[in-house]
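1. Attaching a predicted model along with its sequence, questions to come.
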Amino acid sequence: MVRALEGIGAAVESERPGELFFALEGLRGIHGGDVDGVLVAARRALGERCLIGVASTRLAAYAAAWKEPGGKLSSGRAAVLGRRGQRRFVSSLKVSILRHRLEGHEADVDALVVALERLGVETLGSLAGISSAQMADRFGPLGLAGLRLARGEEGPLRPRRPLEDLAEQIDLPEGTAGRQLDRALSLLVDRLLAMPQRRGRTLLGLRLGALLAGGGSWSVDQGLGRPSASARVLRTVLAPRLESLPKPATALRLRALALGPPAVDQLELAVGGEEPRRRKLGAAVREVRTAQGAEALLRVLPIDLASRVPERWAALTPFPEV
């Protein structure tokens with residue numbers, strides 16, 4: 001389920017079995033411009049059996065997914081809480097919900113909930129009215145953590161960093177060498193950079209490999225001096241490596257060994273205001289690929305214009321992001 005949501009562009013936090021959280025910001029522009037579009041994409045990715053709640057905190061979204069403010073289970077649809085409705089909804093929740101949201105030893109959390117109920121603090125609204133000093137004096141750090149949850153004070157999401165296998169391979173006709181091999185490398189680089197799993201991040205290291213004619217394989221690791229997602233830079237550092245191929249190759253393979261920060265964080269200098277236009281174009285290309293797939297935008301790459309076989313004249317390769 002986490003991978004399915006990451007497939008629609010979401011940065012997902014999932015620290016407990018059976019539940020996950022992701023932010024809507026950044027997804028609206030990709031999926032129709034509003035919350036409904038994001039929910040349709042999420043439902044399509046996850047299936048109809050999941051429960052979805054939308055709110056500004058984890059606790060409210062969790063509770064809304066299981067039970068709408070009116071008291072009906074929200075199976076098969078999404079419960080969306082507005083800011084005012086969320087305040088009333090959270091205030092009415094029983095303090096027993098802290099058993100599912102507080103981080104701590106299960107016995108300690110259970111003891112806290114039982115003590116609050118015995119003191120007559122039965123809802124989160126009642127809990128939120130207690131002062132921080134009183135909670136700290138009576139229940140310590142765990143009580144303060146519960147008070148913060150009742151007041152809607154939560155830290156930012158901690159999405160996982162996907163460990164995707166970013167690799168591409170291209171089969172080569174017999175006798176491929178020289179400039180044709182360079183073209184094949186260009187095609188590999190374009191395809192690797194266009195993979196949706198990269199999510200716009202830069203590359204820190206690459207492994208260029210090949211299957212050799214007659215059997216065997218060859219590979220070489222190439223580090224980058226600084227994070228980059230520029231096809232031109234990657235081709236420049238990898239092309240000299242092809243000269244060390246021990247024999248003709250039947251296939252080339254390129255794998256990302258490590259990912260860096262998003263490409264938008266890189267600073268480049270350009271003359272005549274060209275860089276802002278390139279950034280906008282790159283952002284547009286990434287949005288289209290996220291919504292329509294890696295093959296949504298292609299360009300023609302000349303391969304072997306002198307060949308007698310028309311299929312070898314050119315190939316379609318992903319349009320570069322920058």
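-> On my side now, so go ahead. Only a predicted model underlies this, so the values are computations on that prediction, with no experimental measurement involved.
2. Residues in contact with stretch 252-263: which ones?
-> 161, 165-170, 172, 181, 184-185, 188-189, 192, 198-211, 219, 221, 227, 229, 238, 282, 321-322 (Cβ atoms under 8 Å, 6 or more residues apart in numbering). In this view, the C-beta of every residue, glycine as well, is placed from N, C-alpha and C.
3. And the strands in the stretch 51-200 of the chain?
-> In the stretch 51-200 of the chain, the strands defined using DSSP state E, counting those that start in this stretch lie at 52-54, 78-80, 167-171.
4. Just name the most buried of those strands.
-> Compared across these, strand 78-80 shows the largest average neighbour count, a mean of 21 (mean count of other Cβ atoms under 10 Å).
5. Just checking: what are the partner strands of that strand?
-> Strand pairing for strand 78-80, using DSSP bridges, gives strand 52-54 (parallel).
6. So what's the gap between the partner strand and the chain middle?
-> 19 Å (Cα atoms, centre = their mean, to the nearest Å).
7. Let me see the domain layout of this structure.
-> 2-150, 167-318 (automatic domain parsing).
8. before we move on, the earlier item: using PyMOL, make a named selection holding only the buried ones among the contacts of stretch 252-263.
-> The buried residues among the contacts of stretch 252-263 can be selected in PyMOL (16 or more other Cβ atoms under 10 Å) with this line:
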select buried, resi 166+168+172+181+184+185+188+189+192+198+199+200+201+202+203+204+206+208+209+210+211+227+229+238+282+321+322
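9. Sitting in helices, which of the contacts of stretch 252-263 do you find?
-> Residues from those lying in helices, with DSSP state H as the criterion: Leu181, Ala184, Leu185, Leu188, Val189, Leu192, Leu238, Gly282.
10. Among those residues, which pair sits farthest apart?
-> Taking Cβ to Cβ, the two most distant members of the ones in helices among the contacts of stretch 252-263 are Leu181 and Gly282; they sit 27.6 Å apart.
11. mind showing which ranges of this protein have poor pLDDT?
-> 68-77, 162-164, 175-177, 263-276, 278-279, 289-294, 303-306, 311-313, 321-322 (pLDDT under 70).
12. which strand of it spans the most residues?
-> strand 249-262 (DSSP state E).
13. Quick one: distance of that strand to the chain centre.
-> In terms of Cα atoms, centre = their mean, the centre of strand 249-262 is set 19 Å apart from its chain centre.
14. For Leu124, which non-adjacent residue is spatially closest?
-> Excluding the flanking residues, the one nearest Leu124 by Cβ to Cβ, 6 or more residues apart in numbering is Ala150, at 4.2 Å.
15. Run a quick neighbour tally on that neighbour.
-> 25 (other Cβ atoms under 10 Å).
16. That one is in contact with Leu127, isn't it?
-> Yes - contact criterion Cβ atoms under 8 Å: Ala150 and Leu127 qualify, at 4.2 Å.
17. Now for the two: what residues contact both?
-> Here Ala150 and Leu127 share the contacting residues Val95, scored by Cβ under 8 Å, 6+ apart.
18. quick revisit: format the ones in helices among the contacts of stretch 252-263 as CSV; extra columns: distance to Arg49.
-> Listed next are the ones in helices among the contacts of stretch 252-263 as CSV, based on distance: Cβ to Cβ, whole Å:
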residue, distance to Arg49
Leu181, 49
Ala184, 44
Leu185, 45
Leu188, 39
Val189, 40
Leu192, 35
Leu238, 45
Gly282, 37
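19. Could you list the buried residues of the longest strand of the chain?
-> Buried positions in strand 249-262, judged by neighbour count with 16+ other Cβ under 10 Å: Ala249, Ala251, Leu252, Arg253, Leu254, Arg255, Ala256, Leu259, Gly260.
20. Let me know the closest of those residues to Trp66.
-> Closest to Trp66, out of all of the buried residues of strand 249-262 and judged by Cβ to Cβ, is Leu259, at 35.3 Å.
21. What distance do you get for Leu147 to Ala4?
-> Distance, Leu147 to Ala4, by Cβ to Cβ, to the nearest Å: 35 Å.
22. likewise Val285?
-> According to Cβ to Cβ, Val285 and Ala4 sit 23 Å apart.
23. between these two, who's got more neighbours?
-> The neighbour comparison of Val285 against Ala4 (other Cβ under 10 Å) goes to Val285, with 19 against 15.
24. wait, Tyr103 sits on Ala145?
-> If you look again at residue 103, you'll see it is Glu, not Tyr. Yes - look at Glu103 against Ala145 with Cβ under 8 Å: they come within range, at 7.2 Å.
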